[in-house]
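Student: Need coordinates for the following:
(2 chains)
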Amino acid sequence: MKNQKVTNNIDWISILLYTLLVILGWMTIYSASLPEEQTSIFDMSQIYGKQMLFIFLSIPLIMVILTLDAKIYDKYAFIFYGFSIILLMGLFVFGSTIKGQTNWYSFGGFGFQPSEFAKIATSLVLAKFLSDVQVNLKTTNHQLIAFAIIAVPVGLILMQPDAGSAMIFFSLILVLHREGLPAWYLWTGALAILLFFLALLVKPVFLIAFVAIGILVQFFLSRRMYRNPIISAFVFVAMTGFILSVDYVYETVLEDHQKDRINVLFDKNVNQKAEGYNLNQSMIAIGSGGWFGKGYLEGTQTKGGFVPEQHTDYIFTTVGEEWGFVGAIVVLALFVTLLLRIIYMAERQKSKFSRTYGYCVAAILFMHFFVNITMLIKLFPTIGVPLPFFSYGGSSLFAFTILLFIFIKMDANRVNEW
Amino acid sequence: MRKILLPTMIIAATFIIVARLFYLQILDDSYIKKSENNAIKIKYEYPERGYIFDRNGKLMVANQPSYDIMVTPREMKDIDTLEFCKLLNIDKAYFIEKIEKAKVYSPMLPSVFLPQLNKREFAAFQERIRRFKGFDIVKRSLRDYQLKAGANVFGYITQVNDNIIKKDPYYKSGDLIGRQGVEEMYEEILRGVKGVKYVQRDRDNREIGSFKDGIYDTIAVQGQDITLTLDADLQEYGEKLMFEKRGGIVAIEPKTGEILALVTAPSYDPSLLVGRERSKNYTMMFNDSISKPLYDRPLLAEYPPGSPFKILTGLIGLQEEVIDTSTAFVCRHGFSYGRGAFMKCHDSGTNRLHQAIYQSCNTYFGSTFKLIIDKYPKPEYGVNAWSNHLKSFGLGDFLGYDLPPGRRGLVPTSKYYKRWYPNGGWRSSTIISNAIGQGEVLMTPIQLANMMATVANEGWYYTPHVIKKIEGKKIDKKFTTKHYTTIDKQHYKPVIDGLFDVYNRGTAYYLRVDGIEICGKTGTAENFAKINGVQTQLDDHSIFVAFAPRNNPKIAIAVFVENGYWGARWAGPIASLMIEKYLKGKVTQKAREDYILNNGLKATYDKYLSGQPFSINQAR
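Tutor: So this is what the prediction gives:
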C-alpha cells in the first residue's frame, strides 16, 4: 500500500481539462497584454511572461500536493483554517492597499491574497465538520456552527472590503444544502435576491400587491390542513418589510460604486464614459466577435486596450472578441465539463469528508465562473472576481490549483479509505 | 433531489450565458459597428478635382489648395478656448455653436469646424495644433478659376449638407460636392474617388498601425479632367457684350450640337463662390431678386420667341402644303383675320415667302398659320399637327442637354386650349398670335438656338451639350444621335434664302459683317409683367437668331435682350459681333462693339422699379 505510485488512480480527465484551461488562459493573456514590440514569451517584465512563470511554478506545487498524504487535510483542517483566519486578520496590520481594498500581502514584486486560500481552508473545515457522524444539519445548533464557519472569513473579507471574494463564500450554502440543510434556506435566499432586484426596478406598491396575491394564491391552493393564516401573514409582513427596506439598503448600505454597478445593469442614467465604460467596452469587445471572432491576436478592442483589467477579471472578453461565439462556447464547455466532472467525482467518494470537499470545490469554481462571465455580458452587476485558471495572477492560479488538486489527491486516495 | 441541484444550476446558467452570447455576438450586430467606431479610425485622402478645359484646350478651371479645420468632439481635451479663438480670429459664440453642431453630427467622427483657411492661416494654426487635442487639419482642393466668365456653365463647389450625406454614403461631413452646371453633372468624373485608410488606434486615440495590414485600404483615384465644348474667349466676350443688360446668348455648332457659348446676364465672377466668403456671396446673390444673377436665363427663362418663330410657321406651311414658295398674300399694314380682328404689320404689298421672311411680314405668316390649322376638319387636329412639327425641333420639352434641365418652354396642344376654353369655340383665329411667336408659345434661348442649328442643318440636330471629352472616355451616346424634324429637307432651302436676305435687304441690313454670309432673323416680342400686382406691358424683348456662314454653317446663335425693344437694336448687333468673333477670331466692327460694350439698359430696368408711370418702346 505505502509504495503506490502517486499517479495511481489519478483522474486524468480533470487534469486534462485543467491543463487546457490554463494553456488557453495563458494564450489569451498573451494576446491581451502583447506590447507593440514583441519580446520573448518568458519576458518577466511582461504580464504574459510572469503568468508563464506562475504556470511553471504550479507544476512542483501540484507534485507536492499529489505526493503528500491525503490524510493531512482531514487531520489539520482546523489548523489551516486558523492559519488563514490569522492571515486575514494580519492584513489589517501588514496588508497593502490597492484601490481602497486591503487584501494583499506583497513580497517584492509578487502579491499574496489570503482570501484565495481562506476558501480552501474554509472548504476543508466545512468538510471536516459535516463529515462528523454526529452532525445533523436539520438541527439549528449545527446549522449555526456551519454558518459560523463560513461567516468568520466572510466577515473579515468584507472588512477589507472585498465584496466580490466574500460573495464567493455564499456558494458554500449549496454544499450545505447537498449535505442536508433544509431547502427553505435556499428558497428564502433566492427569493430575497429576486425581491431585491425587483424592488429596484418596480415601484414597491406593485411589488407588495404582487407578493400579497402570490401568498393568497398559495394559501388557498394548499390543502386545508396546511393552511396557517398566522404564518402566511408573517411571511407577508416579512416580505413587505424587506421590500420597503431595499431602498434604504440601496441608498445607505451600498457604496456609490456598488450602486453604479446596479444602475449600469438596469441602464439607469448611465454615463458610458464613466461608470458605464467598463461594461460597455466589455460588451463591445465580446459583441463584435461574431461567429468565429476576429482571429487570435487580431482583436481591435483588445489591442487598443479599450477594455480595462483585460488580463484579469475581463479576460473572457478577449476570448469573445478574438475567437468569437464558437471559441467562447469551447471555453464554456471546458469549464462546464470540469465542473460536472468534479461533481461526479465528489459523488463517487466513499468518505463524506472528501465528498463534501469536492462539492465545495465545484461550488466555489462555479460561483467564480458564473459571476465572472455574467458580469461581462450584462446579466449580473459588475463584481471583481477572477475567472479560474484563466485570469492573470499568481495568487489566484496557485489557490485554484491547490483547491482542485487537493480534491484530485483525495479522489485518487479514495480506495485507501476505510 | 439534493444531488442534482448544483449540476442543474451549472447547466442552466451555462445555457443562459450561451443564449446571451448568441444574442450579443450573432444577432445584435450593433457591437461590430461600435467596435469599429471605437478602435478604427477612418482617414480619407482627398484626390484633386479634375480640371476643366475649353474646346481649344485652354485651361478654364484649375485647383488651389485649401485647409479645413476638423473637430472630433469626443477627442477634445483641455482646449484653451481663448487662445484658440484668437488664433483663428473667431468669437466664442461661433466656437460653441460649431462644437454643438459637430456633436449632433457625431461625437466620434470629425466634422468641419472652420472651412477653407488660406495658406497663412493654415501655417499659423499648424504650428500650434498639438495644443488643441481633437482638432485636425484636412487638405482639400478648391477651384481656381482662370477666367471671370462661365459661372453659370461651371456651377460651383459647396460642402455637402445633411440631406446629401443621408442619401449618398460616399459623402461625409465636410466633403465637397459640385452644384449646378458641369460641376454637378460631371461630379463623379471630376471628383475622383477618395482614398480610405483604416487605422487602428488604442483607447488614448494613439494610432497603433493599420487595420488588418491595410487590406481594406483604398488608394485615392484622381479626378478626371474634362474638356468642354465652350469657347472660353467667346464665352467671356459674350458676357462682356451683355454689359448692363439682361437676357441670354446661346451659341451652338450646328454640325455637332456643341454649345460654344452659354451666356446669362447678369452673371458673376465664378471665384465669388470659392473660399470662406462663398456662403456670404451666395446668399447675397440668392437674395438679389431684381437682377437674379443665379438665374441661368439661357436654360430657365421662357420668352415669347417673337418673329424668329415665323421661320417655323413658314416651314410647317411648306410641309403641310398649304403654301409653296410662290404663294402670295396681300398685306395692307396688316390683315383682318376674323370679324373685327386685325393683325397689324409694318409691311405692305404683296409678299411671297422669301420676301415675307426678310420683311418679317405678320400678314403672310398669320395667313399661313390660319391655313395650317384650317386644313384640318377641326382646330384640335390642326393644332396637334402643328405642335407635333414643333416638338420635332425639341420645343415644348426638356432638350436633354448635360446641364441642369432648365425649363420646357411651351408648345400649346389642343389639350391646352381645351383647358382654357372648356366649352369649345376656339379656332385658328383665336390662337393666331402663335403664328408670329406671340401667343401662348414660349421658348428658352437654348431652344431657340437649337432651332437655328436645326435650320442650318436643314432638318436635324444633335442634342446640345457642353461635354466634349472626358479623359479616355467617349461622351454619352445621346449626344451623337441625330434627331430629325418632321419637315422635309427641301423646304429649308427657300427659308434659308429668306434668312440670308434679312441681312442683305431686310431688317438686319445694317448688321452685315464683311466676308461672312450670315442668315438671321430679328425678333421683337411684346411682354408683360406684374408690377405691384398690376399686369403691365414692358418694353419689347430684343431678339435675334442667326447662323453663319450660309454654306457649311459653323455657328448658330440666339440672343435675347430683355426689354431691349426691337431685334436689331441690341440682340442683332450682339449676334453679329459674336459670329464675327467666333469665325474670325477678331472683331472689325469697332464702333458697334464699343457701343454695345459700354451701353446697357440700366435706365430701362430702373424705370420699372421707380414706382412712377413710364412709357415703353421709346428709343432714345
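Student: make it CA atoms for all contacts and neighbour counts henceforth
Tutor: Will do.
Student: in chain A, what residue is nearest chain B?
Tutor: Nearest residue of chain A to chain B, counting by CA to the nearest CA: A:G304, 3.4 Å away.
Student: and A:S288, what are its phi and psi?
Tutor: phi -80, psi 0 (degrees, to the nearest 10).
Student: Chain A contacts on chain B?
Tutor: Chain B comes close to chain A at residues B:2-3, B:6-7, B:10-11, B:13-14, B:17-18, B:20-22, B:24-26, B:28-29, B:31-35, B:38-40, B:200-203, B:208, B:212, as judged by CA under 8 Å from any CA of the partner chain.
Student: hmm, which of those are the buried ones?
Tutor: Buried members of those, counted by 16 or more other CA atoms under 10 Å in any protein chain shown: B:6-7, B:10, B:13-14, B:17-18, B:20-22, B:24-26, B:29, B:31-32, B:34-35, B:38-40, B:200-203.
Student: Please flag which of those residues sit within strands.
Tutor: Of those, the ones assigned to strands by DSSP state E are B:40, B:200-201.
Student: List just the nearest of those to chain A.
Tutor: Using CA to the nearest CA, those come closest to chain A at B:R201, 5.7 Å.
Student: Retrieve the pLDDT associated with the closest one.
Tutor: According to the prediction, B:R201 has pLDDT 73.
Student: so it touches A:F306, yeah?
Tutor: No - in this structure, B:R201 is not within contact of A:F306 by CA atoms under 8 Å, at 9.7 Å.
Student: Identify the residues contacting the spatially closest residue to B:L262 that is not a sequence neighbour.
Tutor: Closest residue to B:L262 apart from its sequence neighbours, by CA to CA, 6 or more residues apart in numbering or on different chains: B:V250 at 4.7 Å. If a contact means CA atoms under 8 Å, 6 or more residues apart in numbering or on different chains, then B:V250 has B:259-263, B:298, B:445-446, B:449, B:557-559 as its contacts.
Student: could I get those residues as TSV with secondary structure, pLDDT and neighbour count?
Tutor: Putting the contacts of B:V250 into TSV (DSSP: H, G, I helix; E, B strand; the rest coil; pLDDT from 0 to 100; neighbours: other CA atoms under 10 Å in any protein chain shown) gives the following:
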residue	secondary structure	pLDDT	neighbour count
B:I259	strand	93	29
B:L260	strand	94	27
B:A261	strand	93	28
B:L262	strand	93	30
B:V263	strand	93	32
B:P298	helix	90	28
B:P445	helix	92	32
B:I446	helix	93	29
B:A449	helix	93	30
B:I557	strand	94	32
B:A558	strand	93	33
B:V559	strand	93	32
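Student: re earlier: how near is the residue nearest to B:L262 to A:Y81?
Tutor: Computed as CA to CA, to the nearest Å, the B:V250 to A:Y81 distance reads 103 Å.
Student: Below-threshold pLDDT in the chain: ranges please.
Tutor: In the absence of a named chain, this looks at chain A. Chain A contains residues with pLDDT under 70 at A:1-6, A:36-38, A:108-109, A:272-273, A:416-418.
Student: that's the other chain; I wanted chain B
Tutor: Using pLDDT under 70, chain B drops low at B:203-206, B:212-213, B:339-340, B:472, B:619-620.
Student: Could you point out the longest helix of the chain?
Tutor: Let's take chain A. If you go by DSSP state H, chain A has its longest helix at helix A:315-347.
Student: Hmm, no, I was thinking of chain B.
Tutor: Every helix in chain B considered (DSSP H), the longest is helix B:2-22.
Student: Look up how far A:Q46 lies from the residue of the stretch 201-350 of chain B found nearest chain A.
Tutor: Nearest residue of the stretch 201-350 of chain B to chain A (CA to the nearest CA) works out as B:D202 at 3.4 Å. Distance, B:D202 to A:Q46, by CA to CA: 19 Å.
Student: From the rest of the structure, what touches stretch B:160-180?
Tutor: By CA under 8 Å, 6+ apart, stretch B:160-180 touches B:110-112, B:152-159, B:183-184, B:187, B:191, B:403-404.
Student: Those residues, buried ones only, as a PyMOL selection?
Tutor: In PyMOL syntax, the buried subset of those is picked out as below (16+ other CA under 10 Å):
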select buried, chain B and resi 110+111+112+152+153+154+155+156+157+158+159+183+184+187+191+403+404
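Student: The contacts of stretch B:160-180 in strands, which ones?
Tutor: Short answer: these in strands (DSSP E) are B:111-112, B:156-159.
Student: Taking those, tell me the two that lie furthest apart.
Tutor: Across the ones in strands among the contacts of stretch B:160-180, no pair lies farther apart than B:S111 and B:Y156, at 21.3 Å, counting by CA to CA.
Student: Identify each of the helices in the stretch 301-450 of chain B and give its residue range.
Tutor: Along the stretch 301-450 of chain B, the segments classed as helices by DSSP state H, counting those that start in this stretch run B:309-319, B:353-359, B:362-374, B:379-391, B:414-420, B:445-456.
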